[in-house]
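> Fold the following and give me the result.
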Amino acid sequence: MEMETLRAILDAIRDVRIGVIGDFCLDAYWILDPSLSEISVETGLATRAVRAQRYSLGGAGNVVSNLLAMGVARVSAFGVLGTDPFAQEMMRILKASGVNAAGMLVQESDWATPVYVKPVAEDVEQARIDFGNANTLSSSTGRALLERLSAALPDLDLVIINQQLLHGIHTEELRRDLSRLTVTGTSRFICDSRSWSDAFTGAIRKLNDREALRLCGKEWDFDLPVPRPDAEAAAETLFHRWKTPVFLTRGSYGMLVRDEAGTREVPGLYIVGRTDTVGAGDSALAGIAAALAAGRDALEAATVGNYVAGVTIQKLFITGTASAQEIMAIGTDPEYVHCPELAEDPRMARFQGTSEIEVVSAPLRPVVVTHAIFDNDGTISTLREGWEAIMEPVMIEAVLGESWKSAEEQLYRTVRERVRRYIDATTGVQTLVQMTGLVEMVKEFGIVPAAQVKDAAGYKALYNKGLLAMVDGRLAKLRRGELAIDDFMVKGALPFLKALHAGGVKLYLASGTDEEDLITEAKSLGHADLFEGRIHGAVGDIAIEAKKVVLERILGEIDRDGAGTLVTFGDGPVEMRETRKRGGIAVGIASDEPRRFGWNMKKRSRVIRAGAHYVVPDFSQGGTLLALLGIRS
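Residues are numbered from 1 along each chain as shown. Presented below is the predicted three-dimensional model:
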């Protein structure tokens, strides 16, 4: 989506009026602190002490919160509360937020305000405590609720139907009467129902892939999203059944849209760092609904919904929302996940003839390559192979501080797993960027006193000390003749570089490694001259990403329409994504670094998700790869 289009949609959203009828809940986060626990005199058991508590709107309330955060002009709420203190807190939040809460009714008996209490201990969410699971909506309350909604319809551009609870407001009687409104009412309706999507005739539907499959008489019990062919078939079936647009969410795999224009896909967003997917469906629904109310088409609405969810899943231990500014930030230069099914399942791989060159998505037209960018570590050089084993203990010690040796086993394992996931997610970016994330991780755990938390440069210095000791040791062996250049290069890399150079292709080396070290290592391995001075590394400024800078510089040399003459080789996500976005050809290198040849399937998955057109395990079949790229060797 063009930036101006997104800005126009967000501007238009400020004029729309949306009603939300559904299961209004409270999300309660209780932050537990074991250090404050004591032994109960009455029971002899240790108490669970709450250090802090936070309350936010959940269920239909979370949809309302997201609409408000986006800037929707007026939001009207239609739901049912009990007479308990949680009801008072919910009404306080609604009124403080500027919601028209005239449609919020109180049922005095057989109804407890639905609440999800989420205790959090040592950074881990514990088993939930739920209120409201035994609710029974009376016929009189249901009728009064629909009377309020019906009276408000002339002043609403769109109504969202939320159904989250089995024992919520959506009784069989209310579903029947509400369905009449979806057909005869003056507003458009969009429904997100976990249990009764079929009930709301005439409404647009938003649902997830598992719900869609279930409505088609099938089940999917695995952790991964439903396979795309099955998801597309379900969307097709439901579109023809309901005769209204279908928005089918697929978690990290993105979203499918089926309407009169056919089936279209909105790819999932690539998110670095931890995520919390609680409420993501509500966020996507709010984005979709707001865009539809503003008169945008289904694909544009799905794209906005995808951005909203992409913002909110990055907000931890809170049911997050996304402001217009945050939506613009993520939508201005979105990072998409490409071909996730293929990335996860190598059985789907297609190869060029009998070679090991995997063809993910070949360019649409023949190309003649004139410029080539190479990442360094893991693509050409293996001098830094094993860097993760140095970074991991540095990060763990940074988080645990002076207690890193004596920390309890559970805490140590929690930190270690966080660090490992973070390293894996940020492979290929500047070290300084990684260390900036480490600073936030240290602050988040809160083990190290604030005055002792280092800045990104300080943690980078600790890491570099260990890394350079390893690299210097390897270079010393190279100088002494104990090891050869081939022992530190991906198989076939040097002949491949020479063939490109001889073919008149301009070569660039771009890496997140510090530039001075990068040049030294390239000279030591004997290929620096092939780049003719075009070697670019990190310069100590987090705002300057070497790979992006080089891409922009090359595109400045060639016409942007000729970006297809650019090819980038790398094993990290940054160079794959940036090249793909700019119209160049991305070749992922998925090499087993300790052996210097053969497949590393984890890398294969990473570069495919980042947008690689081709993937190779090494350069041993360089001649075939050169021919595929239209380069005469």
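> residues near the residue nearest to residue 95 when sequence neighbours are not counted, how many?
Residue nearest to residue 95 in three dimensions, not counting chain neighbours: residue 101, with 6.1 Å by C-beta to C-beta, 6 or more residues apart in numbering. Glycine gets a C-beta too; all of them are placed from N, C-alpha and C. By the criterion of other C-beta atoms under 10 Å, residue 101 has 20 neighbours.
> Spell out, range by range, the helices that occur in the stretch 451-600 of the chain.
Counting by DSSP state H, counting those that start in this stretch, one finds helices in the stretch 451-600 of the chain at the ranges 456-479, 493-502, 515-524, 546-557, 573-581.
> and what of the stretch 151-300 of the chain?
172-184, 209-215, 228-242, 280-293, 298-312.
> can you state the direction angle for the worst-scoring helix or strand of the chain on mean pLDDT and helix 515-524?
Every helix and strand of the chain was ranked by mean pLDDT, DSSP states H and E. The lowest is helix 546-557, at a mean of 77. In terms of direction (axes from the mean of the first three to the mean of the last three C-alpha atoms, to 10 degrees), helix 546-557 departs from helix 515-524 by 80 degrees.
> Now do the buried residues in helix 546-557.
By neighbour count on 16 or more other C-beta atoms under 10 Å, the buried set for helix 546-557 is 546-547, 550-551, 554-555.
> State the distance from residue 240 to residue 606.
Note on residue 240: its distance to residue 606, by C-beta to C-beta, to the nearest Å, is 38 Å.
> Looking at those two, which has the bigger crowd around it?
Taking neighbours as other C-beta under 10 Å, residue 240 and residue 606 compare with residue 606 leading, 22 against 10.
> quick one: contacts for the more buried one?
Listed by C-beta atoms under 8 Å, 6 or more residues apart in numbering, the contact set of residue 606 reads 343, 427, 571-573, 588, 590.
> can you do 10 Å?
Contact analysis of residue 606 by C-beta atoms under 10 Å, 6 or more residues apart in numbering lists 343, 424-425, 427-428, 571-573, 576, 588, 590, 600, 612.
> Quick one, which of the residues you listed are buried?
Neighbour-count burial within those applies to 343, 425, 427-428, 571-573, 576, 588, 590, 600, 612; the criterion is 16+ other C-beta under 10 Å.
> which one among those gets closest to residue 40?
The nearest member of the buried ones among the contacts of residue 606 to residue 40, counting by C-beta to C-beta, is residue 425 at 42.3 Å.
> Check whether the closest one sits in a helix, strand or coil.
Here residue 425 is helix, with the state taken from DSSP: H, G, I helix; E, B strand; the rest coil.
> On the pLDDT front, check the residue lying closest to it once chain neighbours are set aside for me.
Of all residues not flanking residue 425 in the chain, residue 272 sits nearest, at 5.0 Å (C-beta to C-beta, 6+ apart). Note for residue 272: predicted pLDDT of 72.
> Distance check, residue 272 against residue 171.
In this view, residue 272 and residue 171 are 44 Å apart by C-beta to C-beta.
> Same question for residue 444.
Relative to residue 171, and taking C-beta to C-beta, residue 444 is found at 43 Å.
> Mark out where each domain of this protein begins and ends.
3-39+57-332, 342-382+489-628, 387-479 (automatic domain parsing).
> The shortest one: end-to-end distance?
The one in question is domain 387-479. End-to-end span of domain 387-479 (C-alpha to C-alpha, to the nearest Å): 21 Å.
> quick one, what contacts the nearest residue to residue 199 once chain neighbours are set aside?
Take residue 199 and drop its neighbours on the chain: the residue closest to it by C-beta to C-beta, 6+ apart is residue 175, 4.5 Å away. Residue 175 makes contacts with 142, 161, 163, 169, 193, 195-196, 198-200, as judged by C-beta under 10 Å, 6+ apart.
> And residue 381, by the same measure?
Applying C-beta under 10 Å, 6+ apart, we find residue 381 in contact with 374-375, 471, 485, 488-490, 493, 509, 511, 513, 518, 521-522, 524-525, 527, 593, 596.
> Can you select the buried ones from those residues in ChimeraX?
Buried members of the contacts of residue 381 can be picked out in ChimeraX with the line below, counting by 16+ other C-beta under 10 Å:
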select :374,375,471,488,489,490,493,509,511,513,518,521,522,524,525,527,593,596
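> any idea how far residue 81 lies from residue 98?
Counting by C-beta to C-beta, the gap from residue 81 to residue 98 is 18 Å.
> So these two - more neighbours on which side?
Just comparing residue 81 and residue 98: by other C-beta under 10 Å the higher neighbour count belongs to residue 81, 22 against 10.
> Over to that one: give its phi and psi.
Main-chain dihedrals, residue 81, degrees, to the nearest 10: phi -120, psi 160.
> Quick check: bridge partners of it?
residue 106 (DSSP bridges).
> Centroid-nearest residue for the protein?
For the chain, residue 271 is the residue whose C-alpha lies nearest the centre (C-alpha atoms, centre = their mean; 3.4 Å).
> wouldn't it be in contact with residue 425 here?
Yes. Counting by C-beta atoms under 10 Å, residue 425 is a contact partner of residue 271 at 8.3 Å.
> How about the contacts made by the residue nearest to residue 95?
Counting by C-beta under 10 Å, 6+ apart, residue 101 touches 24, 64, 75-79, 81, 90-91, 93-95.
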